[in-house]
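S.K.: Dropping a prediction and its sequence here:
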Amino acid sequence: MSETTHRGSCNCGAVRIEIEGPLGVFGFCHCTTCRKASGTAFTANSSVGRERVRFLDGEAAIARYESSPGTFRCFCSKCGSPVYKESAAKPGIIRIRLGILDTPVGAKPKAHAFWGERADWYDDPGSMPVYETWAPVLKDEVEE
């Protein structure tokens, strides 16, 4: 992925972040929790080291919801935009919601994960492989 700095913001602009360096491998997660957290058919998330993420504005506006024990979905408390996910099991890693990025990602998704949980109205995987649980190419990168 790109070695450039990535910048992102929530829908209302209260939260603005900067990510130094490359993003991790990413794919689309169709699990029920991700669908509910995003309000759409799947999420696109990328793992990054927490130390590489800097809040330019609005860190105090981040609200946290514990979606499962030790897993927190973090979003803008003003507009509700999902910003990242963090897990007690991986304290140095956060999962950036790629939809908040204002700069190009510079890569393409690798696979569809949790295809068996997908929305019944979404059935076009395109040319990417589908997996009933974690995609092998994503397994080491993610924990939803």
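M.R.: Great, that's in hand.

S.K.: switch to C-alpha atoms for all contacts and neighbour counts from now on
M.R.: Noted.

S.K.: and the nearest residue to residue 79 once chain neighbours are set aside, how many residues sit next to it?
M.R.: In space, and not counting its chain neighbours, residue 79 is closest to residue 12: 5.9 Å by Cα to Cα, 6 or more residues apart in numbering. Burial measure for residue 12: 12 neighbouring residues, criterion other Cα atoms under 10 Å.

S.K.: Now do the SS call for residue 12.
M.R.: Classification of residue 12 by DSSP: H, G, I helix; E, B strand; the rest coil places it in coil.

S.K.: does it really touch residue 77, like I thought?
M.R.: No. Residue 12 is beyond contact range of residue 77, at 10.2 Å (criterion: Cα atoms under 8 Å).

S.K.: what's the overlap in contacts for the two?
M.R.: Both residue 12 and residue 77 lack any common contact, where contact means Cα atoms under 8 Å, 6 or more residues apart in numbering.

S.K.: so where is this protein shaky, pLDDT-wise?
M.R.: Scanning the chain for pLDDT under 70 picks out the ranges 1-3, 138-144.

S.K.: go again using 80 as the cut-off
M.R.: The model of the chain has pLDDT under 80 over residues 1-4, 137-144.

S.K.: ok, longest helix in it?
M.R.: helix 32-38 (DSSP state H).

S.K.: list the buried ones in it?
M.R.: 32-35, 37-38 (16 or more other Cα atoms under 10 Å).

S.K.: how about residue 92, secondary structure?
M.R.: At residue 92, secondary structure determined by three-state DSSP is strand.
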